[in-house]
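Visitor: No letters, just coordinates:
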């Protein structure tokens, strides 16, 4: 049974009287001009049952009013927020933090032992500077890989939303948009997150939120070391526009000598090449899912080898596909020389001997074929042609070798006329 307010009247010197609360950034809200009401000895602490100063405020527009739930002594013992009871450094539940730091801080549950333990903690807090946790938590290591991976880097203001309107759930709410509560479907009662207890969260036992985070930590991806020992480059993604070259160098220089740092602003990524493979492996191990610069969690991966980039060798890719040369582009190989029979066949397929296209092609006539007279010599062409025959196609003009030609440069293509484009 918790100690009642009336039984502590003789021990008022142990009641808490504070001027400012201990809050996390999420509970404080995004509004810099915040108003708080202060009620001296307004409520009992939900952990130690001693009266303390209660603060109440609204964290933002369309948010619910929040208040402190535990006293500052209990908050400093666990280094948690007075309202949400989440760790002030990582923003995680106490059970997750204690698991990551391998801390087993067992606070007594009985009334007498709890009061004695709280008095000792207050004495230890008074002897210290008051800004650091005390007890076993103060002696724990300062960081953990799992906590750095799960830590929240930005405030989660969605947690300050109003509660669900019970009248709307029953279909009886008549206030509409003026209702200060949420008109949403409530959480499934069978969901473990629907059953949360503030005492279980403080003691770090049976916390459904902590169980969900621990399960997520066990299934988080890992960064495998590539087998190619020549890879010494790390890929850094999600830079945004705030991360600079000097900030990346200030973080990664501690792992070894850096050869080059290349930032690609268009894709918001960077490539960091180390001088040794050992330095690259150390940097990848210490930075994967833990690199936070300017409040942004950056993505760290290994760079790809030259073979994985699809490096071509003699026109054949790594997948075994041979790339054919593109006709007309510089560097394309000239066609192989043709035999006399092939030249004769291609010559007759291109145009008849009497056509002027033979001369425009610039090809020598095949053996046994007479060269037609040049223009200006002999009878005109229209006298030798049948007037009932269909008109001859325009002569084909061959481009000199080595000149680049694109389909859009052909004046006979659709849309290339001046009238269509409005040009001269």
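Guide: Sure thing, it's come through. Quantities reported herein were computed from a predicted structural model and do not represent experimental measurements. Residues are numbered from 1 along each chain as shown.
Visitor: make it CA atoms for all contacts and neighbour counts henceforth
Guide: Will do.
Visitor: what residue ranges in the stretch 251-400 of the chain are flagged as low confidence?
Guide: 306-400 (pLDDT under 70).
Visitor: what's the burial count for residue 199?
Guide: For residue 199, the count of nearby residues is 14 (other C-alpha atoms under 10 Å).
Visitor: try residue 30
Guide: Neighbours of residue 30 (other C-alpha under 10 Å): 14.
Visitor: unless I'm mixing things up, it is touching residue 60, no?
Guide: Yes: counting by C-alpha atoms under 8 Å, residue 60 is a contact partner of residue 30 at 6.5 Å.
Visitor: Now do the helices in the stretch 51-200 of the chain.
Guide: 72-78, 94-101, 111-127, 136-139, 145-150, 166-169, 198-203 (DSSP state H, counting those that start in this stretch).
Visitor: buried sites along the second one?
Guide: Under the neighbour-count criterion of 16 or more other C-alpha atoms under 10 Å, helix 94-101 has 94-101 buried.
Visitor: Same list (the residues you listed) but as a markdown table, adding distance to residue 116 and pLDDT.
Guide: Putting the buried residues of helix 94-101 into a markdown table (distance: C-alpha to C-alpha, whole Å; pLDDT from 0 to 100) gives the following:
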| residue | distance to residue 116 | pLDDT |
| --- | --- | --- |
| 94 | 22 | 91 |
| 95 | 24 | 91 |
| 96 | 27 | 91 |
| 97 | 25 | 90 |
| 98 | 23 | 88 |
| 99 | 26 | 88 |
| 100 | 28 | 87 |
| 101 | 26 | 86 |
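Visitor: Nearest to residue 231 among those residues?
Guide: Lowest distance from residue 231 to the buried residues of helix 94-101 (C-alpha to C-alpha) belongs to residue 100, with 32.0 Å.
Visitor: still on that earlier bit, what's the closest of the buried residues of helix 94-101 to residue 23?
Guide: For these, the nearest to residue 23 is residue 94 (15.2 Å; C-alpha to C-alpha).
Visitor: Which residue, other than its chain neighbours, is closest to the closest one?
Guide: residue 204 (5.4 Å; C-alpha to C-alpha, 6 or more residues apart in numbering).
Visitor: and the one you found, what does it touch?
Guide: Contact analysis of residue 204 by C-alpha atoms under 8 Å, 6 or more residues apart in numbering lists 93-96, 98.
Visitor: okay, now residue 259: neighbour count?
Guide: 12.
Visitor: immediately after the helix or strand where it lies, which helix or strand?
Guide: Taking DSSP states H and E as the definition, residue 259 sits inside strand 258-264. Going down the chain from strand 258-264, the next helix or strand is strand 269-274, by DSSP H and E.
Visitor: outside of stretch 23-38, which residues touch it?
Guide: 53-60, 66, 81-84, 88, 155-157, 159-160.
Visitor: I meant stretch 250-263, not that one.
Guide: 245, 249, 269-276, 279-280, 282-283.
Visitor: does the residue nearest to residue 96 when sequence neighbours are not counted belong to a helix or a strand, and which?
Guide: Spatially, and ignoring its direct neighbours in sequence, residue 96 is nearest to residue 210 (5.6 Å; C-alpha to C-alpha, 6+ apart). Assigned by DSSP H and E, residue 210 falls within helix 208-218.
Visitor: Name the strands paired with the longest strand seen in the chain and say parallel or antiparallel.
Guide: Ranked by number of residues, the top strand in the chain under DSSP state E is strand 36-44. Using DSSP bridges, strand 36-44 pairs in its sheet with strand 51-57 (antiparallel).
Visitor: And the strand it pairs with, what's buried?
Guide: 51-55, 57.
Visitor: again, but for stretch 221-237
Guide: 231-237.
Visitor: Can you tell me what sits against that stretch?
Guide: Contacts of stretch 221-237 (C-alpha under 8 Å, 6+ apart): 268-277, 280-281, 284-285, 288, 298-305.
Visitor: so residue 299 sits right up against residue 292, yeah?
Guide: No: counting by C-alpha under 8 Å, residue 299 does not reach residue 292; the two are 9.3 Å apart.
Visitor: which residue packs closest to residue 143, ignoring adjacent ones?
Guide: residue 101 (7.4 Å).
Visitor: Return the residues in contact with the one you found.
Guide: With C-alpha under 8 Å, 6+ apart, residue 101 has these contacts: 140-141, 143-144.
Visitor: and what of residue 203?
Guide: Applying C-alpha under 8 Å, 6+ apart, the residues near residue 203 are 94-95, 106-107.
Visitor: ditto for residue 148
Guide: Taking C-alpha under 8 Å, 6+ apart as the test, what residue 148 contacts is 90, 289-290.
Visitor: Let me have these in JSON lines, extended by neighbour count and distance to residue 20.
Guide: Shown next, in JSON lines, are those (neighbours: other C-alpha atoms under 10 Å; distance: C-alpha to C-alpha, whole Å):
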{"residue": "90", "neighbour count": "19", "distance to residue 20": "21"}
{"residue": "289", "neighbour count": "23", "distance to residue 20": "35"}
{"residue": "290", "neighbour count": "21", "distance to residue 20": "32"}
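Visitor: Please convert the residues you listed to CSV, extending it with distance to residue 191.
Guide: Shown next, in CSV, are the contacts of residue 148 (distance: C-alpha to C-alpha, whole Å):
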residue, distance to residue 191
90, 25
289, 29
290, 30
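Visitor: quick check, nearest of those to residue 123?
Guide: residue 90 (26.2 Å).
Visitor: mind checking how far the closest one is from residue 238?
Guide: 21 Å (C-alpha to C-alpha, to the nearest Å).
Visitor: now residue 23
Guide: 30 Å.
Visitor: of the two, who's got more company?
Guide: residue 23 (19 against 15).
Visitor: so where does the more buried one fall, helix or strand?
Guide: Going by DSSP H and E, residue 23 is not in any helix or strand.
Visitor: got a pLDDT number for the closest residue to residue 55 other than its chain neighbours?
Guide: Distances taken as C-alpha to C-alpha, 6+ apart place residue 38 nearest to residue 55, at 4.8 Å, with adjacent residues excluded. At residue 38, the model reports a pLDDT of 94.
Visitor: Likewise for the one 10 residues further on?
Guide: Residue 48 is assigned a pLDDT of 86 by the prediction.
Visitor: List the contacts of it.
Guide: Contacts of residue 48 by C-alpha under 8 Å, 6+ apart are 2, 74, 114-115, 118.
Visitor: Identify the residues contacting residue 45.
Guide: 51-52, 69-71.
Visitor: would you turn those residues into JSON lines with pLDDT?
Guide: Shown next, in JSON lines, are those (pLDDT from 0 to 100):
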{"residue": "51", "pLDDT": "91"}
{"residue": "52", "pLDDT": "93"}
{"residue": "69", "pLDDT": "94"}
{"residue": "70", "pLDDT": "93"}
{"residue": "71", "pLDDT": "92"}
